[in-house]
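Asks: After the sequence you'll find the predicted model.
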Amino acid sequence: MELVIENVSKSYKQNKALSGFTLTMTPGIYALLGPNGSGKSTLMNIITDNIKADGGKIKFDGKDISKMGREYLKLLGYMPQYPGIYPQFSAEEYLYYMAALKGVKDPEKQIDGVLEEVELLDVRRKKTAYFSGGMKQRLALAQAVLGDPKILVLDEPTAGMDPKQRIAIRNYISKISFDKIVIIATHVVSDIEYIARDVVMLKKGVIVDNAPPDELTEKISGKVFRVNTAQKDVTEYQRKFKVTNISKEDSGGVYLRILSDKAPAEDAIAVSPTLEDYYLHVFGESTV
């Protein structure tokens, strides 16, 4: 199974949202990372055939998706960032409705299992009008996986969830990715650091890096430091270096996490980099 994106471009008037985007995907999780306006949502909307590209092609197993029609749509599961969930429906009713739209056969065999996986089985008959934001996100994920899609596109899938729910959903996505192409766009770097096979970093519609998470963090090995300093010196460190974290110590001092090509102080201690460190290394002030 293979999804090939070839030289895809898209503009909105004078704004180039995607420029010659090229990527080949096989089963596994692909994370799209980048600041707002980097082209993530545009790419997902083109992959799901919600908008048309200005140029380029997308092929699934060698077939141009623009010529596959409904055959391609049956392969897709899509969870938008802001899912439209009808408040008068219960969770169960909503999934039956979505299953009917998708043409899912024998949906009752899937719905109970999916609701259990997203931890909503006990509120299956509760009206979604009374759901929290995190519960709605989990229900949106449930509808996306109905019908066992081969391509699963998820936009900010864990938004609004507490840590326990985020871990459960992250594990569920990882578990079902073995025979699917899963594309996740998120601003929560920790959600994909340990489950993505590849991280695609986008800036102004162009891929600036694409590799497994461990390969990306290895690129800044020896460039992340811990510095303990006095509170009065924090602003000076921020002026000179890229400070990624500030926390107060019990002793009254301040702990700084700093990205730098060389040690920012004589007593600086090199620490293991994270994917979030690499994200800030690549995008820096553009993330603000």
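Replies: Looks like it came in fine. Numbering: from 1, shown residues only.
Asks: Show me the strands in the protein, by range?
Replies: Listed in chain order, the strands of the chain (DSSP state E) span residues 3-12, 15-25, 28-33, 55-60, 63-64, 76-79, 151-155, 181-185, 198-203, 206-211, 224-229, 242-248, 254-259, 269-270.
Asks: Remind me what the last one packs against, helices and strands.
Replies: This means strand 269-270. strand 224-229 (3 or more C-beta pairs under 8 Å, 6 or more residues apart in numbering; DSSP states H and E). In this view, the C-beta of every residue, glycine as well, is placed from N, C-alpha and C.
Asks: how many other residues sit next to the closest residue to I246 other than its chain neighbours?
Replies: Once flanking residues are discounted, I246 sits nearest to L256: 5.9 Å by C-beta to C-beta, 6 or more residues apart in numbering. The number of residues packed near L256 is 23, by other C-beta atoms under 10 Å.
Asks: so what's L256 up against?
Replies: R226, V227, N228, T229, V234, Y237, V243, N245, I246 (C-beta atoms under 8 Å, 6 or more residues apart in numbering).
Asks: First-to-last residue distance for stretch 81-91?
Replies: Stretch 81-91 has an end-to-end distance of 18 Å (criterion: C-alpha to C-alpha, to the nearest Å).
Asks: who touches that stretch?
Replies: 41, 94, 97, 115, 120, 123-129, 131, 136-137, 139-140, 142-143, 155-156, 159, 185.
Asks: Among those, name the ones in helices.
Replies: S41, Y94, Y97, L115, K136, Q137, L139, A140, A142, Q143 (DSSP state H).
Asks: Between which two of those residues is the distance greatest?
Replies: Spanning the widest gap among the ones in helices among the contacts of stretch 81-91 are S41 and L115, at 27.7 Å by C-beta to C-beta.
Asks: for the protein, which spans come out with low pLDDT?
Replies: Applying pLDDT under 70 to the chain flags residues 285-288.
Asks: change it to 50
Replies: Counting by pLDDT under 50, the chain contains low-confidence ranges at 286-288.
Asks: how's it carved up into domains?
Replies: 3-216, 222-271 (automatic domain parsing).
Asks: Show me how far the first one is from its chain's centre.
Replies: In other words, domain 3-216. 8 Å (C-alpha atoms, centre = their mean, to the nearest Å).
Asks: how deep is P87 tucked in, by neighbour count?
Replies: 11.
Asks: P107 is in contact with A142, isn't it?
Replies: No. P107 is not in contact with A142 according to C-beta atoms under 8 Å; the separation is 11.5 Å.
Asks: shared neighbours of those two, which are they?
Replies: Joint contacts of P107 and A142 (C-beta under 8 Å, 6+ apart) are L95.
Asks: So between the two, which is more surrounded?
Replies: Counted by other C-beta under 10 Å, P107 and A142 do not tie: A142 has more neighbours, with 24 against 19.
Asks: sorry, back to before: TSV for the ones in helices among the contacts of stretch 81-91, including distance to P80?
Replies: Below are the ones in helices among the contacts of stretch 81-91 laid out as TSV (distance: C-beta to C-beta, whole Å):
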residue	distance to P80
S41	9
Y94	14
Y97	16
L115	20
K136	11
Q137	11
L139	13
A140	7
A142	14
Q143	11
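Asks: of the residues you listed, closest to I65?
Replies: S41 (18.3 Å).
Asks: State the distance from that closest one to V153.
Replies: 11 Å (C-beta to C-beta, to the nearest Å).
Asks: Next up, the contacts around the closest residue to Y279 other than its chain neighbours.
Replies: Closest residue in space to Y279, ignoring its immediate chain neighbours: V189 at 5.7 Å, by C-beta to C-beta, 6+ apart. In this structure, V189 makes contact with L33, T274, L275, E276, Y279, judged by C-beta under 8 Å, 6+ apart.
Asks: Could you identify the most distant pair in those?
Replies: L33 and T274 (12.8 Å).
Asks: between these two, who's got more neighbours?
Replies: Per other C-beta under 10 Å, whichever of L33 and T274 has more neighbours is L33, with 27 against 19.
Asks: so what's that one closest to, chain neighbours aside?
Replies: M201 (5.1 Å).
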